[in-house]
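[1] The amino acid sequence is not available; the structure is as follows:
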C-alpha cells in the first residue's frame, strides 16, 4: 500500500497549519516568502506528492487515456512494433492537454471483453482506444453503455454511431489485385487471418470484388487461412504448394507473414518475383531485409497515432472545441511501395 | 468525462432504494430472488459498473501495478519486443492476486524523472517496475521517498537498499571474452551504448576485467560507442573498419546491433565467422535469420517477467507472505547459444 507523504504529514513536520502549507504549495500570494521556501524545501525533502487522484475524482476525470492492446504470444514472437509506433503520435497530441497515455495489455488467456469491463470498473481512464476489433465486438457495446468516450482502431459490425479509424484494406486489396491482373495473373491467392478479426472479412470481401471486376471467378480454395504471424506466413506457403492448381501470385494480409512465406518458398527453391508474385501488407522494418525486396504498402504509424488522438479528443466534451473536424470515421490510406517480389509478367 | 451508470441511477431507474440495490448487487440474502434478478438485469442493461476507484481509494490501494517503459524512436524502429515479452510472465503472477498491469510509456521527449513524478502523483498504481536504469537515476530516490514499492530492472549507483533484478552482463562479457581468447583473439572490440544507461558501464567494466585476466591490455579505441539500435550496429561496423589496427573480433551489447553490423560487413565483403568473429547479445527472433548464424545468449523473457513480479510482490506487505524467498536482488543468467559467427580460430 503506497504511503506517500501528503499535505498533512508535511504540515505536521513543519509545525505550521495545513492551510498555510496548502497556500504555499499552490503559490498563493498570502504566504510570506520565507515560509514558502521552507515548505517547498520540506516538500522536496520528504518526497511530498500532491494527491492528484483525489483531485481528479472530485473533478470526475483522471486525465489519463487508455490504449488497450493485445499481448498475445504471437504479437511478442513477431516483435510487432505496431502499437509502440502509434504511441509516439498519440502522446504528441495528448500532451497538449496534459493528458497521459497508459497501455492496457490484455493478457492472452483472458477474454478482451471481461478485461475491458474490469478496466472500466477501475475508472483509471477518461477515454479509451481499443484495437483488433472483432466482427462482433461486445467491447464496443460496453463502452457505449458506460458512456466512456472511445475510438475503435478497426471496424466492426457491433455498435453503430461510435467513432472508428481503420486502415484502407479495400484500397490495398484493390491495388494489389489490379497490379497482379495487369501482369497477367488470374490465379491469385490470399493469406488471410484464421481468427475472427474484422479486417480479415473486409480484406477478403474487397479481394473478391476486385477479382470479379476483372471477370475472374472467386475460388475459395485460394483463400488460405493462417495465423497472423511469421509462422502463419510459412504455413500459407506450405498450403499453397499443396494445391492441385497452384496460384501464380499471393497477397498477404499481415506484414510479418512475408518473412515466413519467403522461408518456405526458399526451401522449395521458389524465388519471389521470378516464380511467384508476392505482395505483402504493411512495410515493416524486418521486411526491408527480404531478398528480393517485397512489394508492399507504406504508412506512418506516428501520423495514425496523431489522427487517433485528435479523433478521440473530438469525442470528448472537454476537448472537442479544439478539434473542429469532429469525431469522423476515417479510412486510413496506405501507399504502394513497389519492390521486386512481383516484378515479372505472365504476359510475356 | 466518464458518466458511467452508478448505483444511484440504477436505483432511480428501478424505483427501489439504493440500499436494496446495493444488497442485491452484493448477493446479500435479505433480498428476494425476484428483486435480485430485476436489479441484475437492469445493471446489465444499463451498463452499471461498480465504482472500484472509490472502493480502492478507501482501501488505499488501486490493485494496479505499473511498468514504466521507454517508447523512444529507436525502440520503435527496432521493433523491440523485450517489454511485450516480459508482460506475459508478469501478468501470470499478478493475476493470482487480481492485480492488473499497466504499461506507462514515457514519451521520448520527456525526462523520465519528471514523467514518473507525475505518474506517482496520479496515484494510479500500487507499485512500480522501472527499467532502463541510468548510472545515476533520480527515479529510484523518488520512489524510495514516496514509499512506493518498486523493483528496478537494471542496476544503478542511485538508491541503496532498493530491490533490483538485472541481466548478467558480467557473465556474458566474461563468457564472450573467454571464448574469443580461447580461439586466439587478442584484439577484441565491443560495441557499447553511447548513452548513460548503466548496463553499458557494467558491461565494459566486465569486458576490461576479463581481458586483464587473460593478460590483454585494455585498449579504449576498441570500445565503440553507438546507439542501441540496428543503425548503431551499422555504425559500429563502419567505425571498426576505419581503425588503424583492426580488431579480429567484436562483442555487441544490444541484440539488434547484429543486424546492422552484418549489413555493414556485407557491404565491405567481410564474412562473420570467417573474416571477423562476432558475438551478439540476447537471442532475438530477428537475429535468427542472420547468415551465418549468430553466436549469442539465450534467456526467457517470460521467466524474467515471473521473477520480476514475484520479487515486486515480496516487497509489498499485502503479498509478501506468499513470496517467502523475499525481495532479493537477482542477477539473471543468460545461456550461451553458439552459432557460426565466431566459428574460426586464429591459432590454426
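    Good, I have the coordinates. Small disclaimer: the values here were computed from a predicted structure and weren't measured. Numbers count the residues shown, from 1 in each chain, chains lettered A, B, ... in the order given.
[2] So what's the residue count around residue A:222?
    21 (other Cβ atoms under 10 Å in any protein chain shown). In short, each C-beta sits where N, CA and C put it, glycine included.
[3] Also residue A:155?
    21.
[4] how close does it sit to chain B?
    Using Cβ to the nearest Cβ, to the nearest Å, we find residue A:155 at a distance of 22 Å from chain B.
[5] Hmm, that residue is touching residue A:134, no?
    No: Residue A:155 is beyond contact range of residue A:134, at 10.4 Å (criterion: Cβ atoms under 8 Å).
[6] what's the overlap in contacts for the two?
    residue A:198 (Cβ atoms under 8 Å, 6 or more residues apart in numbering or on different chains).
[7] what helices or strands is the lengthiest helix in chain A leaning on?
    Looking across chain A with DSSP state H, the single longest helix is helix A:198-213. Judged by 3 or more Cβ pairs under 8 Å, 6 or more residues apart in numbering or on different chains; DSSP states H and E, helix A:198-213 is in contact with strand A:163-167, helix A:169-182, strand A:188-193.
[8] Now tell me what touches it from outside.
    Residues contacting helix A:198-213 (Cβ under 8 Å, 6+ apart): A:133-135, A:137, A:154-157, A:166-167, A:169-170, A:172-174, A:176-178, A:188, A:190, A:192-193, A:217-218, A:223, A:251, A:253.
[9] cool, and stretch A:155-167?
    A:133-141, A:143-144, A:150-154, A:198-199, A:202, A:299, A:304, A:307-308, A:311-312, A:314-315, A:327-332, A:334.
[10] so how far is the first residue of that stretch from its last?
    Stretch A:155-167 has its terminal residues 9 Å apart, counting by Cα to Cα, to the nearest Å.
[11] what are the ranges of the strands in chain A?
    Listed in chain order, the strands of chain A (DSSP state E) span A:64-70, A:100-106, A:127-131, A:150-153, A:163-167, A:188-193, A:223-226, A:249-252, A:277-282, A:295-298, A:330-332, A:335-337.
[12] how about these in a markdown table, adding distance to residue A:232 and mean pLDDT?
    Output for the strands of chain A, formatted as a markdown table (distance: least, Cβ to Cβ, whole Å; pLDDT from 0 to 100):
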| stretch | distance to residue A:232 | mean pLDDT |
| --- | --- | --- |
| strand A:64-70 | 15 | 93 |
| strand A:100-106 | 20 | 94 |
| strand A:127-131 | 19 | 96 |
| strand A:150-153 | 21 | 96 |
| strand A:163-167 | 18 | 96 |
| strand A:188-193 | 7 | 96 |
| strand A:223-226 | 4 | 96 |
| strand A:249-252 | 9 | 98 |
| strand A:277-282 | 12 | 96 |
| strand A:295-298 | 16 | 96 |
| strand A:330-332 | 23 | 96 |
| strand A:335-337 | 22 | 97 |
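[13] TSV for these, including mean neighbour count?
    Formatted as TSV, the strands of chain A follow (neighbours: other Cβ atoms under 10 Å in any protein chain shown):
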stretch	mean neighbour count
strand A:64-70	23
strand A:100-106	24
strand A:127-131	24
strand A:150-153	26
strand A:163-167	21
strand A:188-193	25
strand A:223-226	19
strand A:249-252	28
strand A:277-282	27
strand A:295-298	21
strand A:330-332	16
strand A:335-337	15
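[14] returning to that earlier point: just the buried ones out of the contacts of stretch A:155-167, please.
    Applying 16 or more other Cβ atoms under 10 Å in any protein chain shown to the contacts of stretch A:155-167, the neighbour count classes A:133-135, A:137-141, A:143-144, A:150-154, A:198-199, A:202, A:299, A:304, A:307-308, A:311-312, A:314-315, A:327, A:330, A:332, A:334 as buried.
[15] Let's see which of these end up in helices.
    Among these, the members falling in helices (DSSP H) are A:138-141, A:143-144, A:198-199, A:202, A:304, A:307-308, A:311-312, A:314.
[16] closest to residue A:33 among those?
    Closest approach between those and residue A:33, by Cβ to Cβ: residue A:312, at 43.2 Å.
[17] Residue A:151 is in contact with that closest one, correct?
    Yes: between residue A:312 and residue A:151 there is a contact at 4.6 Å, judged by Cβ under 8 Å.
[18] in chain A, what secondary structure element scores lowest on mean pLDDT?
    helix A:52-59 (a mean of 45; mean pLDDT, DSSP states H and E).
[19] which residues does residue A:258 contact?
    Residue A:258 touches A:233, A:252, A:278, A:280-281, A:287, A:290, A:294, A:296, counting by Cβ under 8 Å, 6+ apart.
[20] quick one: it from residue A:279, how far?
    9 Å (Cβ to Cβ, to the nearest Å).
[21] any shared contact partners between the two?
    With Cβ under 8 Å, 6+ apart, residue A:258 and residue A:279 have common neighbours A:252, A:294, A:296.
[22] Hmm, residue A:88 and residue A:94 touching each other?
    No: if you go by Cβ under 8 Å, residue A:94 and residue A:88 don't touch, sitting 10.9 Å apart.
[23] quick one: residue A:16 from chain B, how far?
    21 Å.
[24] swap in residue A:232?
    14 Å.
[25] just residue A:324 next, same as before
    20 Å.
[26] Check residue A:190 too.
    From residue A:190 over to chain B (counting by Cβ to the nearest Cβ), the distance is 24 Å.
[27] Can you verify my assumption that that residue contacts residue A:219?
    No: using Cβ under 8 Å, residue A:190 is not in contact with residue A:219; the gap is 10.5 Å.
[28] which residues touch residue A:232?
    Taking Cβ under 8 Å, 6+ apart, one finds A:191, A:193-194, A:226, A:254, A:257, A:260 in contact with residue A:232.
[29] one more time with 7 Å
    Residues in contact with residue A:232, defined by Cβ atoms under 7 Å, 6 or more residues apart in numbering or on different chains, are A:226, A:257, A:260.
[30] what do you get for residue A:168?
    Taking Cβ under 7 Å, 6+ apart as the test, what residue A:168 contacts is A:331-334.
[31] please redo it, this time with the cut-off set to 10 Å
    A:174-175, A:202, A:206, A:297, A:299, A:330-335 (Cβ atoms under 10 Å, 6 or more residues apart in numbering or on different chains).
[32] any idea which of those residues is closest to chain B?
    Closest approach between those and chain B, by Cβ to the nearest Cβ: residue A:299, at 13.9 Å.
[33] Was I right to think that closest one contacts residue A:305?
    No: under the criterion of Cβ atoms under 10 Å, residue A:299 is not in contact with residue A:305, lying 11.2 Å apart.
[34] can you list residues touching both of the two?
    residue A:85.
[35] is it true that residue A:321 touches residue A:314?
    Yes: applying Cβ under 10 Å, one finds residue A:321 in contact with residue A:314, separated by 9.4 Å.
[36] And residue A:104, how close does it get to chain B?
    6 Å.
[37] what's that residue in contact with, if anything?
    So residue A:104 contacts A:66-69, A:71, A:115-116, A:118-119, A:122, A:124-125, A:128-130, B:64, B:100-103 (Cβ under 10 Å, 6+ apart).
[38] Okay, now the unreliable bits of the stretch 51-200 of chain A?
    A:51-60, A:71-80 (pLDDT under 70).
[39] let's go with 50 and repeat that
    Residue ranges of the stretch 51-200 of chain A with pLDDT under 50: A:52-59.
[40] Pick out the residue of it closest to chain B.
    Closest point on the stretch 51-200 of chain A to chain B, by Cβ to the nearest Cβ, is residue A:145, at 2.7 Å.
[41] How about the residues of the stretch 151-300 of chain A by chain B?
    The stretch 151-300 of chain A has residues A:230, A:256, A:259, A:262-263, A:284-286, A:288-290 near chain B, with proximity defined as Cβ under 10 Å from any Cβ of the partner chain.
[42] and chain A, what are its domains?
    Domain assignment for chain A by automatic domain parsing gives A:7-50, A:60-166+A:300-332, A:169-299.
[43] on that earlier part again, so the longest helix of chain A versus helix A:169-182, what angle?
    For helix A:198-213 against helix A:169-182, the angle by axes from the mean of the first three to the mean of the last three Cα atoms, to 10 degrees is 40 degrees.
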